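Asker: Build the 3D model from these lines:
(chains A, B, C and D)
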There are 2 protein chains.
Amino acid sequence: MEIEKLKVPPAYQAVSTELQKHILSGALKPGEPLPSEIELAAKFGVNRSTVREGIRQLESEGLVRREGRKRLLVTVPHSADLAPRTTRALVMHEVTFHELWEVAMVLEPLAAQLAADAASDAQIAALKANLDATAAIVERGISPGKLDLEFHSLVSAAAANKVLLLSREPVGLLLYPAFETFQMQLPQAARRLVDAHREVVAGIERRDGAHAELWMRKHVADLKRGWELAGLSIDQRIEPGVTP
Amino acid sequence: MEIEKLKVPPAYQAVSTELQKHILSGALKPGEPLPSEIELAAKFGVNRSTVREGIRQLESEGLVRREGRKRLLVTVPHSADLAPRTTRALVMHEVTFHELWEVAMVLEPLAAQLAADAASDAQIAALKANLDATAAIVERGISPGKLDLEFHSLVSAAAANKVLLLSREPVGLLLYPAFETFQMQLPQAARRLVDAHREVVAGIERRDGAHAELWMRKHVADLKRGWELAGLSIDQRIEPGVTP
DNA sequence: AGCTGACCGATTGTCGGACAAAAACTTGCC
DNA sequence: GGCAAGTTTTTGTCCGACAATCGGTCAGCT
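Answerer: Purely as a prediction, here's the structure:
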């Protein structure tokens, strides 16, 4: 006789999953407001407190959003909602620089190549603006910092591939800030960074996917070289650089 | 005089982020129990209901886990916690087959290559077992179904790269189930699938990264060919295949 | 001794109601 | 029509309560 460990989910979870179904099924479309908490409590036949607990789960999953004290709105989870969670998970799993780098080494070049095909004029303009800003900052001897992070986000946004965008974000969020630490010590690294960025942008602008991809690959490879030159171990754990 | 629209986050969010900080900072280590709700309420100076709402957020983020009605335990978010969320997000973003495939086309070969270097004996045995099961199923004319999904998870698990594991999971979760639909119509596709799997496993076993990577690349490329042969559009939206 | 079962405190899940502050809506006025 | 004041809703937070469950104790039975 086999007896499964039967699980009776608490009511607030039932509320959460039930609402989730309604949203996923399309009965509630993004942008639409949810019923009020009192209505939901009445419909589900539970107390308002229970409904609220269920809502919190959806809220932290990015399926609904509340602005101020207004009604809840159905939303599609944006990259900004999911990436921090995954980033946290990566940190807690104590991932090493090497692990991050290996993945970046395939995702970033792909982003560059696709961006060369798909980038809009506005996106190319944004890339150029970022490039100029980075060059100016580096000229003054300051570490590019967030501009580097932004550059890679812009490239993957230009790639017009939402899967890539979502997959890459947590990696970039963790990898690029890690370089603030040693780029101060290696002035030539910052100049190499700007050069590589410039070539990537040039490739994208010329619709030369191979060129963009090649230089992005060089660029990411350079990151590892810089890491090693700075005397850091490949198996060094990565700490969160930017607080989300 | 400039007056910014200062935002006062609700108390339950404050509780959530505060607990998060404590966990991330290492004050609360994975496996340790959290204080009881009453204690937390006393420490934070808020009501127990408020604490509970805050806890729900952490719970759905996988930072804490509750088994039965016991105390809350601090945990590190596992891939199984995060992947479904990302998968949902991808579905809601209406990603196309092509977008998924482009990313899989770089992540899966990387997984195969790394697995050839890092796979343990037990992992290789698991891969072989999966291979045998898949071959047996296909022999009887049944679609591999979850076994295919499992195969790719096993490969990326064997790659010993936690970043890759977490990045790849949502893609696989969405991509492979999509093939159940047409593999029935294309019997030769299932046989090609088994052949490719076999070569990947052989490469991993021989520690021949190039071989494993090559065949994984062929295999993923095949998926696209099969998709097209089945008369499906590359820009077809992907529906969730397995309920998480 | 080892196991059983009753008892008890602690904790969680759920409920009901309450109230201030903010938002949404209605009404009356120009 | 547009605007200002008032009214209703809704949210955020609190309080108190109780059944169910978990964990442990402790006497009683074999």
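Asker: any idea which helix or strand comes after the helix or strand of chain A with the lowest mean pLDDT?
Answerer: Here the helix or strand of chain A ranked lowest by mean pLDDT, DSSP states H and E is helix A:180-183, holding a mean of 71. Counting by DSSP states H and E, the element after helix A:180-183 in chain order, helix or strand, is helix A:187-205.
Asker: give the contact list for the most centrally placed residue in chain A.
Answerer: The centre of chain A sits closest to residue A:169, judged by Cα atoms, centre = their mean, with a distance of 2.5 Å. Neighbour list for residue A:169: A:79, A:82, A:83, A:86, A:153, A:156 [criterion: Cβ atoms under 8 Å, 6 or more residues apart in numbering or on different chains]. For every residue, glycine as well, the C-beta is placed using N, CA and C.
Asker: List the contacts of residue A:126.
Answerer: Contacts of residue A:126 were listed using Cβ under 8 Å, 6+ apart, and they are residue A:154.
Asker: Please apply the same query to the one 4 residues further on.
Answerer: Taking Cβ under 8 Å, 6+ apart as the contact definition, residue A:130 lies against A:147, A:150, A:151, A:154, A:197.
Asker: hang on, it in a helix?
Answerer: Yes - assessed by DSSP: H, G, I helix; E, B strand; the rest coil, residue A:130 belongs to a helix.
Asker: Counting neighbours, what do you get for the closest residue to it other than its chain neighbours?
Answerer: Distances taken as Cβ to Cβ, 6 or more residues apart in numbering or on different chains put residue A:151 closest to residue A:130, at 5.1 Å, once the chain neighbours are dropped. If you count neighbours by other Cβ atoms under 10 Å in any protein chain shown, residue A:151 ends up with 25.
Asker: List the buried residues for the one helix or strand residue A:151 maps to?
Answerer: Assessed by DSSP H and E, residue A:151 sits inside helix A:146-158. By 16 or more other Cβ atoms under 10 Å in any protein chain shown, the buried positions in helix A:146-158 come out as A:147, A:148, A:149, A:150, A:151, A:152, A:153, A:154, A:155, A:156, A:157, A:158.
Asker: what's the answer for stretch A:21-32, then?
Answerer: Buried, per 16+ other Cβ under 10 Å, within stretch A:21-32: A:23, A:28.
Asker: Say whether DNA strand D is contacted by it.
Answerer: No - for a cut-off given as Cβ under 7 Å from any atom of the strand, stretch A:21-32 has no contacts with DNA strand D; the smallest distance is 13.0 Å.
Asker: for the residue of chain A at minimum distance from DNA strand C, what are its contacts?
Answerer: Of all residues in chain A, residue A:11 sits closest to DNA strand C, at 2.9 Å by Cβ to the nearest atom of the strand. If you count contacts by Cβ under 8 Å, 6+ apart, residue A:11 has them with A:46, A:50, A:54.
Asker: Tell me the confidence at it?
Answerer: Predicted confidence (pLDDT) for residue A:11: 94.
Asker: Ok, residue A:184 next?
Answerer: 63.
Asker: Repeat that for the one 5 residues further on.
Answerer: pLDDT recorded at residue A:189 is 81.
Asker: pLDDT at the closest residue to it other than its chain neighbours, what is it?
Answerer: In space, residue A:189 comes closest to residue A:226 once its chain neighbours are excluded; the distance is 4.6 Å by Cβ to Cβ, 6+ apart. With respect to pLDDT, residue A:226 scores 87.
Asker: Residue A:226 belongs to a strand?
Answerer: No - looking at residue A:226 with three-state DSSP, it is helix, so not inside a strand.
Asker: number of nearby residues for it?
Answerer: A count of neighbours around residue A:226, defined by other Cβ under 10 Å, yields 20.
Asker: And the helices in chain A, which stretches?
Answerer: A:11-24, A:37-44, A:48-61, A:79-92, A:97-118, A:121-139, A:146-158, A:162-175, A:180-183, A:187-205, A:209-229 (DSSP state H).
Asker: Helix B:48-60 and the first one, what's the angle between them?
Answerer: Computed with axes from the mean of the first three to the mean of the last three Cα atoms, to 10 degrees, the direction of helix A:11-24 lies at 60 degrees from that of helix B:48-60.
Asker: same thing with the longest one?
Answerer: Taking the same axes, to 10 degrees, one finds helix A:97-118 and helix B:48-60 inclined to each other by 80 degrees.
Asker: what angle separates helix A:97-118 from helix A:162-175?
Answerer: 140 degrees.
Asker: any idea of the pLDDT on residue A:46?
Answerer: For residue A:46, pLDDT reads 96.
Asker: For it, which non-adjacent residue is closest in space?
Answerer: residue A:11 (5.3 Å).
Asker: any idea how far residue A:63 is from the one you found?
Answerer: From residue A:11 across to residue A:63, the span is 19 Å (Cβ to Cβ, to the nearest Å).
Asker: Residue ranges in chain A under the pLDDT threshold?
Answerer: Residue ranges of chain A with pLDDT under 70: A:1-6, A:182-185, A:240-244.
Asker: care to break it down by domain?
Answerer: A:11-74, A:80-229 (automatic domain parsing).
Asker: Can you check the distance spanned by the last one, start to finish?
Answerer: Looking back up the chat, that one is domain A:80-229. 33 Å (Cα to Cα, to the nearest Å).
Asker: The first one now?
Answerer: Using Cα to Cα, the end-to-end distance of domain A:11-74 comes to 21 Å.
Asker: do the same with stretch A:58-68
Answerer: Stretch A:58-68 end-to-end distance (Cα to Cα) = 17 Å.
Asker: mind checking how far the residue nearest to residue A:101 when sequence neighbours are not counted is from residue A:152?
Answerer: Ranked by Cβ to Cβ, 6+ apart and with sequence neighbours excluded, the top spatial neighbour of residue A:101 is residue A:224, at 5.4 Å. Applying Cβ to Cβ, the value for residue A:224 to residue A:152 is 15 Å.
Asker: Which residues of chain A lie near DNA strand D?
Answerer: So chain A meets DNA strand D at A:34, A:36-39, A:48-49, A:52, A:66, A:69-72 (Cβ under 7 Å from any atom of the strand).
Asker: could you redo the last one with a cut-off of 6 Å?
Answerer: Taking Cβ under 6 Å from any atom of the strand as the criterion, chain A approaches DNA strand D at residues A:36, A:37, A:38, A:49, A:52, A:66, A:69, A:71, A:72.
Asker: In this structure the first one contacts residue A:52, no?
Answerer: No - checked against Cβ atoms under 8 Å, the pair residue A:36 and residue A:52 is beyond contact range at 11.4 Å.
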